[in-house]
Structures are given as structure tokens and as C-alpha cells.
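Engineer: Fold the following.
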Amino acid sequence: MSVNPGPKLLQDWIGRAAARHPDKPWIVSADDGRTVSYGQLRDATRRIATLLRRRAIGRNNRVALLANNSIEHLICYFGVMAYGAAICTVHVEMNRNQLDDIFARLRPELVLYQDGLALDDLLDTVAAPKQRLGRSDAPVANTFFGDVAGCEPSDACTDAGPDDDAVILFTSGTSAKPKGVVLSYREHLLNIDPTADGFGITANDRLYDFRSFNWASAQLLGALVPVNRGATLVMGQKFSASRFFPHVREHRATVAAGNPTTINILLNSDGEAHRDNLPSLRFLTSSSAPLTVEEWRRFEQRFGIPVAQGYGSSETGWIAAIPGEARRHGTVGRPFPYHDVAIVDGNGRLAPGAIGQIEIGGFRDHNYRYLTEDGRVAVGCSGRMLTGDLGLVDNDGYLRVTGRAKDLIIRGGVNISPLEIDSFLMQHPSLIEVATVGVPDAVYGEEVVSYVVARPGGGIDAATLLRYCSDGLPAFKAPKQIVLTASLPKTERGKLDRRALAEQWRRETSS
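Structural biologist: Now for the predicted structure:
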């Protein structure tokens, strides 16, 4: 790749979109109807550059942003990064009990925060300058956007280059410390063209995204891809089953972001949404966790809307994607060539069709970096990196993610993917959610146990489901026990929490 991916590249994307269509909406807030054009985005980011230069913010200096989804959040995100400093996004709701530790490691030069987050006690202990965001469309004194409004637009920029820090992301965490993932301009921005091409996004698209813009997936697909292509982002403050399809319809969204949890909620909610009354919608995306083929097909059959499953991580950005019109059930599309994805075991790369660990490493000199306890940036690994996921690449080059390596069940020395058992059980019409885990066993080392959520009024019982499994699965894969439950535990990001289920099993069987 010959492009020089520093802050100037992001400035070029914004400037190009503004020059072509200055009045075209860059962002539409689906909840309150506010709109910002590309011309206004260019003006705002150039004013932010003037303000940050005035405040002596330099390259690799960290600007902490404490805010929920809003227009102001994303203007700050683009403004800081296009200027050449490091924007550090923190999901307050998910990381509230870890904020003291996060700030001890982050050591920001400036803290910007949204009103109403109840952060006064924390902010009193932070030594860095702090300022309320305020509103970009109604700036008032003593707020960040009040100061921005008083600045003249300029071409001010640090001397940050491709390997300087662009973004610091904190993973979700309540009991464990969230990781501080440090991404360079090269890592963050070079992922955008492949992602836009992978999902088939063009300037004609209107992308609806309600996911938190404090995390990588939404920042890359929901924020940066539209600017790169000159498309429009329709932003939701958060997911709402009752507002999801009305937002898509009202704002003529062509692509809508999602994940397995939200797809499951939509699938099991009331409503008359269908491709026929959503004429603009091309497809939904799904990421963050594997989507079972059964749930995938069930969604498409009910709504008539294709689902395009993609794959990535905070450290790597998007790894694979595919447009909904070309999606292939059970896969996440073809991996981006620059990532040089391989399926490996302890002896090296595996042949197509073999399941192993997913490894990437497109940049030979690449370092995957994290914040240390004392605020320094340390290298977690260099060159190639295991993603922690299991998968295979088929003969046509499509990547299939079969589960997390840490979730693999080893029964009598045989590897069993819990996702395979989930997928089989989800074919039963009486079930709406399934999670399979490995539990300790004195004979086999681990045994297979499945937790299931039954459809209301389905009248299903565990004995019937056990017979269903014994009839359709090899004996060594069939669950030893099936537990009916009202709901399944989720992580803060909405993923199935298999570890919590395994811990629940241990507590209940040891008592």
C-alpha cells in the first residue's frame, strides 16, 4: 500500500467529501433529527485544529472523550484525529467501575465529557484540564464547542505520522481490567478502504448504526467508512427493538449494523417489518460474535432481508466482510488480502477446510500495542498474531469462524465446538436461544452441557431435547444435560457469556 496514512489522509477524506457535496448530510441523528453536512464537518474539524494547537496539544498526546453516541462525540473523534493527536474513547456505562484505573494508565492531556454522566467525583481526581462538551449547534461559553465556535478554521496539524498513536480503545470490563488497545494511524486508517470494499459501501449508501462509537467496530464501519466514501451515517443513540425498523424506514437507510444479540431480539419481537416495506434497505451486518446459520436463515425468512456477517477485533480492525447481496451462510466473507489470514496449529499453516486457530500478520514489522499499568505503551506481540478464534478457510477462500479457542470443549481428547451444538439445537422450532459449554467431568475431562431458552408456550422439556440431540448428533457430541432457563447471560457488549454459564454450573453442582 503506497498511501501515507497519517492525519492528512483523514483530512483529505473529509475535504474530498465536502468539496464534492458540501450540503450532503454527513450524519443524521435518528433520535432527534439533527443533521450535520460534510461542509459543516470540514469547518468544525478545522476549528478544532485551531483550538488544539492553541492548547499546545501535540502528536501522541491523549485527548480522553467520555460520551455516549451523539453528533458531538463524532465531531470530536474526527477533529482530534484529523489534527494529529490521539483520541481516547471510553464507554462510561460499561467501564464505570474501572475509570480510576483507566485514567491512571491513560494520563490524558485533555478530558472532554458529556453532561449527565455523573462523573464529578472521578473528574475531581484527574489532574488534566477538563471541559464539558456542550452542543455543537448551540455553543455556549465555558464548553468545548463554545470555544470551538470562537476559533477560525485552520490547517493546523501536528507532525504525526503513520506509526503515531491515532486511537486508544478500552475493551469492556466490569470485574477484569479493560485492555487499553493502542492503534496507530496506519492500523486504523488502512483498514477503511478494505472494509468499505468488503461490505460494498458507496457514496449512495445511508448506513444506520446504533452501536457504541467508543468501540472499534462502529468507529471503523459506522464512522470512518461513510466519510471515506462520502456516504451518510444515520446514527442511533442505542439499540431499540421498537425503533430499529422505523429508524431504517424513516431515514431510508440502505445498510444497517447489528450483532447476533440484536438480531435475536428483532427476530423474537412483534412487528410487520419486511423487505417489502423497507425498500431502501440492502442488508444488515452482523459482527462481534458468530451468528448461527439457523438464526441467520430464520431472520432472512421472516424479514426478507439479507444478513452479511463480518469479522474483526479491536486490535486488527475488520478482517473479513462481504456485501449482503453476496453473503454465503456460515461464513464471514473473504479475508482482506493485506491481513494475510492463515489457519494454523502448532506445526504451521493448515490446508483449506481444516479447523485451526485464526492468525493474521499482513505487516511484517507490525507490533500490537497496549497500555501498561504505568501508562506506557508496550508491545503485546509482533509480526503475526493469533486472534483467539477458531475457524477454517474453504476451497473458495471464504472464512468460517467456528468459535473461540478458549470455549473449545475437549471431551475424552476430542475437540468439540460449542457453536456446532448450538447450531444443531437452534434447528428445533421450540428454541430461541442456545449456549453450550464444557463442564468438568471425572471420566472424560469435560462434558457437554447446553443451556436453552424455549419459545413461550412451546411446551418443550429437557428430556425431549436430549432425545432430539441423541438422534441427530454423534454420541460423543450430544449434550449430557440440557438446562432450560429464562435467559442467557450476556457480556456488556451483548455477546453470549459462556464463561458465566460454566461458573454457574460449577456453583450449582458443588453446592
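
Engineer: What residue in the protein is the furthest from its centre?
Structural biologist: Val443 (39.5 Å; Cα atoms, centre = their mean).

Engineer: What sits closest to it if chain neighbours are left out?
Structural biologist: Gly412 (7.9 Å; Cβ to Cβ, 6 or more residues apart in numbering). Heads up, the C-betas are built off the backbone N, CA and C, glycines and all.

Engineer: From Thr50, how far out is the one you found?
Structural biologist: Going from Gly412 to Thr50 by Cβ to Cβ, to the nearest Å gives 67 Å.

Engineer: which one of those two has more residues nearby?
Structural biologist: The neighbour comparison of Gly412 against Thr50 (other Cβ atoms under 10 Å) goes to Thr50, with 19 against 12.

Engineer: In contact with the more buried one, which residues?
Structural biologist: 151-154, 156 (Cβ atoms under 8 Å, 6 or more residues apart in numbering).

Engineer: quick one: which of these sit in helices?
Structural biologist: Judged by DSSP state H, those include no members of helices.

Engineer: okay if I get those as TSV plus pLDDT?
Structural biologist: TSV is the format used below for those (pLDDT from 0 to 100):
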residue	pLDDT
Cys151	98
Glu152	98
Pro153	98
Ser154	97
Ala156	96
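
Engineer: and the residues you listed, which are buried?
Structural biologist: Buried members of those, counted by 16 or more other Cβ atoms under 10 Å: 151, 156.

Engineer: Just give me the closest of the contacts of Thr50 to Val401.
Structural biologist: Ala156 (43.0 Å; Cβ to Cβ).

Engineer: how about the nearest residue to Ala273 once chain neighbours are set aside, secondary structure?
Structural biologist: Sequence neighbours aside, Phe245 is the residue nearest to Ala273 in space, at 3.8 Å (criterion: Cβ to Cβ, 6+ apart). Under DSSP: H, G, I helix; E, B strand; the rest coil, Phe245 falls in the helix class.

Engineer: Could you count how many residues lie near Phe245?
Structural biologist: So Phe245, with other Cβ under 10 Å, has 23 neighbours.

Engineer: And Arg376, how far from His251?
Structural biologist: 44 Å.

Engineer: Of the two, which one has the most company?
Structural biologist: Higher neighbour count among Arg376 and His251: His251, with 20 against 11, using other Cβ under 10 Å.

Engineer: Grab the nearest non-local neighbour of that one.
Structural biologist: Distance criterion Cβ to Cβ, 6+ apart; nearest residue to His251, sequence neighbours excluded, is Val234 at 4.4 Å.

Engineer: In terms of helices and strands, where is that neighbour?
Structural biologist: strand 232-235 (DSSP states H and E).

Engineer: And that strand, what does it pack against?
Structural biologist: Packed against strand 232-235 by the contact rule (3 or more Cβ pairs under 8 Å, 6 or more residues apart in numbering; DSSP states H and E) you find strand 25-29, helix 71-83, strand 206-209.

Engineer: Try it again at 6 Å.
Structural biologist: Applying 3 or more Cβ pairs under 6 Å, 6 or more residues apart in numbering; DSSP states H and E, we find strand 232-235 packed against strand 25-29, strand 206-209.

Engineer: check contacts around Val148.
Structural biologist: For Val148, the contact set (Cβ atoms under 6 Å, 6 or more residues apart in numbering) comprises 47-48, 51.

Engineer: Check which helix or strand it maps to.
Structural biologist: Going by DSSP H and E, Val148 is part of helix 144-149.

Engineer: Show residues contacting whatever helix or strand comes next after that helix.
Structural biologist: Using DSSP H and E, the next helix or strand after helix 144-149 towards the C-terminus is strand 165-170. Residues outside strand 165-170 that contact it (Cβ under 6 Å, 6+ apart): 60, 81, 86-88, 90, 95, 102, 178, 180-185, 188, 216, 314.

Engineer: how about low-confidence regions in this protein?
Structural biologist: For the chain, applying pLDDT under 70 flags the ranges 1-2, 172-176, 363-364, 492, 511.

Engineer: Now do the SS call for Phe239.
Structural biologist: Per three-state DSSP, Phe239 ends up coil.

Engineer: Tell me how many other residues surround the closest residue to it other than its chain neighbours.
Structural biologist: Nearest residue to Phe239, sequence neighbours excluded (Cβ to Cβ, 6+ apart): Phe210, at 4.8 Å. When neighbours are defined as other Cβ under 10 Å, Phe210 has 24 of them.

Engineer: Report the contact partners of Phe210.
Structural biologist: Contacts of Phe210 (Cβ under 6 Å, 6+ apart): 236, 238-239.

Engineer: ok, the closest residue in space to Leu224 that isn't next to it in sequence - how many residues close by?
Structural biologist: The shortest distance from Leu224 to any non-neighbouring residue, by Cβ to Cβ, 6+ apart, is to Ile192 (4.9 Å). For Ile192, the number of neighbouring residues by other Cβ under 10 Å comes to 24.

Engineer: show me what contacts Ile192?
Structural biologist: Applying Cβ under 6 Å, 6+ apart, the residues contacting Ile192 are 224-225, 228.

Engineer: and what of Thr195?
Structural biologist: Here Thr195 is in contact with 220-221, 225, 318 (Cβ under 6 Å, 6+ apart).

Engineer: hmm, 7 Å instead?
Structural biologist: Residues in contact with Thr195 (Cβ atoms under 7 Å, 6 or more residues apart in numbering) are 220-221, 225, 318, 321.

Engineer: next one: Thr285
Structural biologist: 199, 255, 257-258, 308, 310.

Engineer: can you give me the strands in the stretch 151-300 of the chain?
Structural biologist: 165-170, 180-184, 206-209, 232-235, 255-256, 283-286 (DSSP state E, counting those that start in this stretch).

Engineer: Compare the contacts of Ile192 and tell me which has the most neighbours.
Structural biologist: Counting by other Cβ under 10 Å, top hit in the contacts of Ile192: Val225 with 26 neighbours.

Engineer: quick one: that residue and Ile201 touch, right?
Structural biologist: Yes - between Val225 and Ile201 there is a contact at 5.4 Å, judged by Cβ atoms under 7 Å.

Engineer: Can you get me a residue count around Ala67?
Structural biologist: With other Cβ under 10 Å as criterion, Ala67 counts 22.

Engineer: Need phi/psi at it.
Structural biologist: Main-chain dihedrals, Ala67, degrees, to the nearest 10: phi -160, psi 150.

Engineer: Domain boundaries for the chain, per the record?
Structural biologist: Under the assignment automatic domain parsing, the domains of the chain span 38-185, 408-510.

Engineer: now, of these, which is deepest in the fold?
Structural biologist: Most buried of those by mean neighbour count (mean count of other Cβ atoms under 10 Å) is domain 38-185; its value is a mean of 19.

Engineer: Could you tell me the end-to-end distance of that one?
Structural biologist: 22 Å (Cα to Cα, to the nearest Å).

Engineer: do the same with stretch 132-151
Structural biologist: Per Cα to Cα, stretch 132-151 runs 17 Å from first to last residue.

Engineer: Let the chain start at 50 from now.
Structural biologist: Sounds good: first residue 50 from here, last item stretch 181-200.

Engineer: Would you pull up how far that stretch lies from the middle of the chain?
Structural biologist: Mean C-alpha position of stretch 181-200 versus that of the full chain (Cα atoms, centre = their mean, to the nearest Å) differs by 29 Å.
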